[in-house]
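Novice: Model the following, please.
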Amino acid sequence: MTHTSKILFIHFLVNRLKFYSCAGSYIISLGIELRTSHKISHHVNDMKILDEIRGWKRKPKELVIFLTKSVKEDKTLFAQLVECLKSGSDVEKGTCADVMKNVTKDEPEIATPYINEMIEYINYKAPRVKWGVPESIGNIAQKFPDKVENAVPKLLINTKDDSTVVRWCAAYALSEIVKSNSKIRGTLIPKIEEIVKNENNNGVQNVYLKALKAIERKDN
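Specialist: Have a look, this model is predicted:
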């Protein structure tokens, strides 16, 4: 073998080794990515929401964000949020109500099979439940107004609550219902007008007034 041939052969071997090194790295990287993806998917499919809440070590807000994303990825998990309202502690119920509110803001259809069960917790004693569940009902009302009519009596009870936040959440839900459901406006608008007269918080009043103005514009 000539000197030139030896040099060419060495270059060939070096290039071949580089190819195998790059290919090996790619395969290893791909394998890690696939395993990680499988673990995430497997984790979501096997998730127990109450276990996640009880074992969470980071900030509560991060937990709500994590659970919201998980439920959107696996819609069957919404049933566990409803179960959490039934069997969780008040703190756990509040977290699940927050997640419901966030999920229904973008994808209200996920909650439609569970509306009647959610309605039962509109007046529940824990403040975060009284906030989250009515807001969820308001979110659902925008797209499915007929499905949340039964929530009105319980929402009206919350309009007399001592908490301004509870009254605001009830106002949001009632306003979305009355804007979206023309069938019950005849009976609901007079009740809302009476609530506005008795409400001493401007922020809560404005929720109702904006809804009434929106209806007036739509009718004209």
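Novice: Quote the end-to-end distance of stretch 81-97.
Specialist: 8 Å (CA to CA, to the nearest Å).
Novice: Now do the SS call for the residue most central in space within the chain.
Specialist: Centroid-nearest residue in the chain: Val103, 1.8 Å away (criterion: CA atoms, centre = their mean). Using DSSP: H, G, I helix; E, B strand; the rest coil, the structure places Val103 in helix.
Novice: my guess is it meets Lys72, correct?
Specialist: Yes: counting by CB atoms under 8 Å, Lys72 is a contact partner of Val103 at 6.3 Å. Placement of C-beta: from N, CA and C, glycine included.
Novice: Give me the common contacts of these two.
Specialist: Counting by CB atoms under 8 Å, 6 or more residues apart in numbering, the common neighbours of Val103 and Lys72 are Ile110.
Novice: quick one: contacts for the residue nearest to the centre of the chain?
Specialist: 68, 71-72, 78, 81, 110-111, 136.
Novice: With secondary structure and neighbour count added, can I get the residues you listed in JSON lines?
Specialist: What follows is the contacts of Val103, written out as JSON lines (DSSP: H, G, I helix; E, B strand; the rest coil; neighbours: other CB atoms under 10 Å):
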{"residue": "Thr68", "secondary structure": "helix", "neighbour count": "18"}
{"residue": "Val71", "secondary structure": "helix", "neighbour count": "26"}
{"residue": "Lys72", "secondary structure": "helix", "neighbour count": "16"}
{"residue": "Phe78", "secondary structure": "helix", "neighbour count": "23"}
{"residue": "Leu81", "secondary structure": "helix", "neighbour count": "27"}
{"residue": "Ile110", "secondary structure": "helix", "neighbour count": "20"}
{"residue": "Ala111", "secondary structure": "helix", "neighbour count": "25"}
{"residue": "Ser136", "secondary structure": "helix", "neighbour count": "31"}
